[in-house]
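Novice: Prediction below, plus the sequence it came from.
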Amino acid sequence: MNSVVTPGSGLQTGASPHAIVIGSGFGGLAAAIRLSVRGYRVTVLEKLDAPGGRAYVFRQDGFTFDAGPTIITAPFLLDELWTLCGRKFSDDVDLRAMKPFFRLRFDDGDTFDYTGDPEQMRAEIRRIAPDDLNGYEQFLEASATAYRLGYEQMGDMPFTKITDMLKVIPEMLKMQGLRSLHSLVRAHVKSPKLQTVLSFHPLLIGGNPYSVTAVYALISHLEQKHGVHSAMGGTGALVDAMVSLMQSQGAVLRCNSEVDEILVERGEAQGVRLASGEVLHADVVVSNADAAWTYRHLIKPEHRKHWTDRKIERSSFSSGLFVWYFGTDKRYEDVPQHSVLLGPRYKGLLDDIFKKHHLADDFSLYLHRPTELDPSLAPEGCDTFYVLAPVPHLESGTDWEAHAEPFRLAIQKRLEETVLPGFSEHVKTSLVMTPLDFQSRLLAFRGCAFSFEPKLTQSAWFRPHNVSEDVKGLYLVGAGTHPGAGIPGVITSAKVLDQVIPHAHSYA
Ligand SMILES: Cc1cc2nc3c(=O)[nH]c(=O)nc-3n(C[C@H](O)[C@H](O)[C@H](O)COP(=O)(O)OP(=O)(O)OC[C@H]3O[C@@H](n4cnc5c(N)ncnc54)[C@H](O)[C@@H]3O)c2cc1C
């Protein structure tokens, strides 16, 4: 093995213990902030040339594209990070509440504005499903119960012991949390349109509404209680602010630094070796890289009794995404910031994506137009867009090199026929990401967008633990560990560290 060195040292006597964080996604940045506050000397190692991970920012021809997350929920989690550092979040980031949260468009052209205003929600339901008003109120109660259990009680619980899981099972049974979210929704409302409106949310974090547990109903309550927000300057402004916050605590970000191996001796993490061959020593290693990739590719098999190659390969993974980023030389004022354009099929399409791993000819789309809120993200008089379609991960065998352009053209046709007639003549810049790019750029196992599929048998104690089951001194944050994908999930995963990582003083 190469000799182990510590960056920026000779460490003076009494110097802080060193924590390496692999990856600068939201989970990695939140972990770096928390570890710095706890007294660690933190180095964040990022493979790409800039931080953010799925929230990387592409800039092309004067347009600014947030690569991934656009919808910010649970802003109190961000307040909490800033407060930990003695600062105020709103001094650094300008978050704006969205009205509506989303506009859903059904295949027949009917629309539904999903908002945080209870009266407007009732008015929309009265219009599309008048017989379901009472059922909707009951669903809201179930959603509040799911929030108390799934978010307040289980969200930042470490789930390192089976007894942690056993403790929550009675509550889960009481709320019938073992059934799927869609089945919970169907028990309350009869209209297929309203069933879709109340169940599509897990798709935004890679879950199939027909497989995720009913606990995911918590998302509806979370949105109603704390709103849906976007950041002025785009989500990239939030990434920049988190990097500055982390640096203000002394943490160091090194981009273009891909980790090739987590070095383990006698079952304990010693540090990492970069693709360049450089070796860095650490007292603790926190991986924000894809959890499956971390075990499968960064740790030698002889150090893995639990997360063996076989176990990883037999796990199920979330959907992939096809994302088309484009800029137009005109503005489309009647397109809201967040739209969901549903296709002709719901369950059938989800079966194709999640179960059959088959790339279908039809799709449902999420269309993002951030320039509704912030015109500075495009040249004057222009619009920035991205449109995404959930697709199967790479196990589908889809040849994305060949399929990307036909698939993009099919999406373009669909947008032309629905909310953006004639827009293709106005497209001035364009960029596409397929599951292949998720694999090669972000080292996402099977090119999936949200890591392990969030189904019951892969959640909480069953998900890769925040404290590695295999390697002492290795911790996991991010979408593939507990509690799961999405900005609130990955920021909460870093919060779990506070309960499981020794305080830096304990090294003295
Ligand atoms: C298109 C899209 C839209 C989304 N929309 C939303 C949304 O609106 N709201 C929401 O809440 N969530 C959304 N999500 C989900 C959310 O973005 C993710 O769950 C979350 O950002 C993942 O954060 P993470 O901490 O797991 O790290 P990631 O963002 O996955 O970052 C991991 C980082 O680790 C780096 N890395 C990997 N391997 C190595 C290595 N070996 N060495 C060094 N670095 C490495 C990668 O380059 C990457 O930068 C979206 C996701 C996508 C893809």
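Specialist: Everything's here; your move. For clarity, every value in this text was computed on a predicted model and none was experimentally measured.
Novice: Could you report the neighbour count for the residue nearest to Ile299 when sequence neighbours are not counted?
Specialist: Spatial nearest neighbour of Ile299, excluding adjacent residues (CB to CB, 6 or more residues apart in numbering): Ile262 at 5.2 Å. Every C-beta, even on glycine, is put in place using the N, C-alpha and C of the backbone. As a burial measure, Ile262 scores 27 neighbours (other CB atoms under 10 Å).
Novice: Who is Ile262 paired with across the strands?
Specialist: Under the criterion DSSP bridges, Ile262 forms beta bridges with Val272.
Novice: okay but it is in contact with Tyr295, surely?
Specialist: No - contact criterion CB atoms under 8 Å: Ile262 and Tyr295 do not qualify, at 9.5 Å.
Novice: about what we covered before: the residue nearest to Ile299 and Arg103, how far apart?
Specialist: Ile262 is 44 Å from Arg103, where distance means CB to CB, to the nearest Å.
Novice: again, but for Asn134
Specialist: To Arg103, Asn134 is 25 Å away according to CB to CB.
Novice: Identify the bridge partners of Ala231.
Specialist: Beta-bridge partners for Ala231, by DSSP bridges, are Leu95.
Novice: tally of neighbours for it?
Specialist: Per other CB under 10 Å, the neighbour tally for Ala231 reads 25.
Novice: Please name the residues that touch Ser276.
Specialist: Ser257 (CB atoms under 8 Å, 6 or more residues apart in numbering).
Novice: if you set the cut-off to 6 Å instead, what comes out?
Specialist: Going by CB atoms under 6 Å, 6 or more residues apart in numbering, Ser276 touches no other residue.
Novice: for it, helix, strand, or coil?
Specialist: Three-state assignment for Ser276 (DSSP: H, G, I helix; E, B strand; the rest coil): coil.
Novice: what number of residues lie near the residue in the stretch 401-508 of the chain that the ligand sits nearest to?
Specialist: Using CB to the nearest ligand atom, the closest approach of the stretch 401-508 of the chain to the ligand is made by Gly478 at 2.9 Å. For Gly478, the neighbour count with other CB under 10 Å is 32.
Novice: what's near enough to touch the nearest residue to it once chain neighbours are set aside?
Specialist: Spatial nearest neighbour of Gly478, excluding adjacent residues (CB to CB, 6+ apart): Gly27 at 3.6 Å. Applying CB under 6 Å, 6+ apart to Gly27 gives the contacts 288, 477-478, 490, 493-494.
Novice: part of a strand, is Gly27?
Specialist: No - Gly27 is assigned helix when assessed by three-state DSSP, not a strand.
Novice: Would you tell me what the next helix or strand after the helix or strand of the chain with the lowest mean pLDDT is?
Specialist: Using mean pLDDT, DSSP states H and E, helix 162-174 stands out as the lowest-scoring helix or strand of the chain, at a mean of 83. Next helix or strand after helix 162-174 toward the C-terminus (DSSP states H and E): helix 181-188.
Novice: Check which helices and strands that following helix is in contact with.
Specialist: Helix 181-188 sits against helix 133-146, helix 192-199, with contacts defined as 3 or more CB pairs under 6 Å, 6 or more residues apart in numbering; DSSP states H and E.
Novice: Kindly reformat those as a markdown table containing mean pLDDT, distance to the ligand and mean neighbour count.
Specialist: Output for the helices and strands packed on helix 181-188, formatted as a markdown table (pLDDT from 0 to 100; distance: least, CB to the nearest ligand atom, whole Å; neighbours: other CB atoms under 10 Å):
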| stretch | mean pLDDT | distance to the ligand | mean neighbour count |
| --- | --- | --- | --- |
| helix 133-146 | 95 | 17 | 18 |
| helix 192-199 | 96 | 17 | 22 |
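Novice: Between these, which one is closest to Glu223.
Specialist: Closest approach to Glu223 among those is made by helix 133-146 (9.4 Å; CB to CB).
Novice: neighbouring contacts of that closest one?
Specialist: By CB under 6 Å, 6+ apart, helix 133-146 touches 125, 175, 188-189, 215, 217-218, 220-221.
Novice: among those, which one has the lowest pLDDT?
Specialist: In this model, the minimum pLDDT among those belongs to Met175 (79).
Novice: which phi and psi does it have?
Specialist: Per-residue torsions, Met175: phi -90, psi 10 (degrees, to the nearest 10).
Novice: Quick check: chain neighbours aside, which residue is closest to it?
Specialist: That would be Thr145: by CB to CB, 6+ apart, it lies 5.1 Å from Met175.
Novice: just to revisit the earlier point, any chance of the helices and strands packed on helix 181-188 in TSV, with distance to Glu333 too?
Specialist: Below are the helices and strands packed on helix 181-188 laid out as TSV (distance: least, CB to CB, whole Å):
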stretch	distance to Glu333
helix 133-146	31
helix 192-199	25
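Novice: of all those helices, which lies closest to Val467?
Specialist: Among the helices and strands packed on helix 181-188, helix 133-146 comes nearest to Val467, with 26.0 Å by CB to CB.
Novice: now that closest one, how far from the chain's geometric center?
Specialist: 25 Å (CA atoms, centre = their mean, to the nearest Å).
Novice: try stretch 34-52
Specialist: Taking CA atoms, centre = their mean, one finds stretch 34-52 lying 18 Å from the centre of the chain it belongs to.
Novice: Can that stretch be said to contact the ligand?
Specialist: Yes - residues of stretch 34-52 contacting the ligand under CB under 6 Å from any ligand atom: 45-48.
Novice: Out of those, flag the one nearest to the ligand.
Specialist: Using CB to the nearest ligand atom, the residues of stretch 34-52 next to the ligand come closest to the ligand at Lys47, 3.6 Å.
Novice: Helices of the stretch 251-400 of the chain, start to end?
Specialist: Applying DSSP state H, counting those that start in this stretch to the stretch 251-400 of the chain gives helices spanning 291-293, 309-314, 347-350, 400-417.
Novice: For the least confident helix or strand of the chain, buried residues please.
Specialist: If you call a residue buried by 16 or more other CB atoms under 10 Å, then helix 162-174 has these buried ones: 164-165, 168, 171-172.
Novice: ditto for stretch 321-341
Specialist: Neighbour-count burial for stretch 321-341 [16+ other CB under 10 Å]: 321-328, 331-332, 335-341.
Novice: who touches the nearest residue to Thr328 once chain neighbours are set aside in this structure?
Specialist: Among residues not flanking Thr328 along the chain, His426 sits closest, at 4.2 Å (CB to CB, 6+ apart). Residues near His426 by CB under 6 Å, 6+ apart: 328-330.
Novice: what would the helices of the stretch 251-400 of the chain look like in JSON lines with mean pLDDT and distance to Gly155?
Specialist: What follows is the helices of the stretch 251-400 of the chain, written out as JSON lines (pLDDT from 0 to 100; distance: least, CB to CB, whole Å):
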{"stretch": "helix 291-293", "mean pLDDT": "98", "distance to Gly155": "18"}
{"stretch": "helix 309-314", "mean pLDDT": "97", "distance to Gly155": "25"}
{"stretch": "helix 347-350", "mean pLDDT": "96", "distance to Gly155": "26"}
{"stretch": "helix 400-417", "mean pLDDT": "98", "distance to Gly155": "35"}
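Novice: still on that earlier bit, Phe407: which of the contacts of helix 133-146 is nearest?
Specialist: Nearest to Phe407 among the contacts of helix 133-146, with distances taken as CB to CB, is Ser220, at 30.9 Å.
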